[in-house]
Every structure is written in structure tokens, then in C-alpha cells.
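S.K.: missing the sequence, but the structure's below:
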């Protein structure tokens, strides 16, 4: 697999289980499955939490993403209204 293709979640979870439950070394798992140790440590951090906790984190992440997009949209609208107000003030004055 190339680094541009994301690994399936099941693959990541199984790799984490090999380290956390079966007590294999990160270096060994990394060499065996062809994934960098850095990626494995990130996966351990992400997938060693209970499923309910992971789901809550994903929900919070999605909510944050949605709110940032909404903030960006509202900020653009505000900027447009400021420019329009300045334009019409200039026209009437």
C-alpha cells in the first residue's frame, strides 16, 4: 500500500491489538505489516481508548469541524455586509 492510501480502520485496530493485547513489540509489528512505527504509535493513541470514548471524540471532532465551517461562512457574510455598508454610506454622503 502507498502512503497516500488510508488503511482500513479494521487493519489499524488489528495492528494495535497485536501490540496492546498480544504484547508484540512496535518495531516487530511495524516491520511485519510495513507501517512506520510513528503511524503505529498514532494508531495506539487513537484506538486504545474504549469504543464509546472514541465515538465521543469523533463526534466532538465533527462538531468542531462543522462549527469552524459555519464561523468561516458567517465571517465572510459579515465582511460582505461591512463592505456594502461602507459603499452605501459613501454613495449617500
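M.R.: Received the coordinates, thanks. Predicted, not measured: the structure shown is a model, and the values here were computed from it.

S.K.: CA only for contacts and neighbour counts going forward, please
M.R.: OK.

S.K.: Count the neighbours of residue 44 for me.
M.R.: 19 (other Cα atoms under 10 Å).

S.K.: How about the one 5 residues further on?
M.R.: Neighbours of residue 49 under the rule other Cα under 10 Å: 12.

S.K.: same check, this time on residue 40
M.R.: 19.

S.K.: gap between it and residue 48?
M.R.: Look at residue 40 and residue 48: by Cα to Cα, to the nearest Å, they are 11 Å apart.

S.K.: can you list residues touching both of these two?
M.R.: Shared contacts of residue 40 and residue 48, defined by Cα atoms under 8 Å, 6 or more residues apart in numbering, comprise residue 16.

S.K.: Check the secondary structure at the most centrally placed residue in the chain for me.
M.R.: With distances taken as Cα atoms, centre = their mean, the residue of the chain nearest its centroid is residue 61 (6.9 Å). Following DSSP: H, G, I helix; E, B strand; the rest coil, we place residue 61 in the helix state.

S.K.: Thanks again, I'm all set now.
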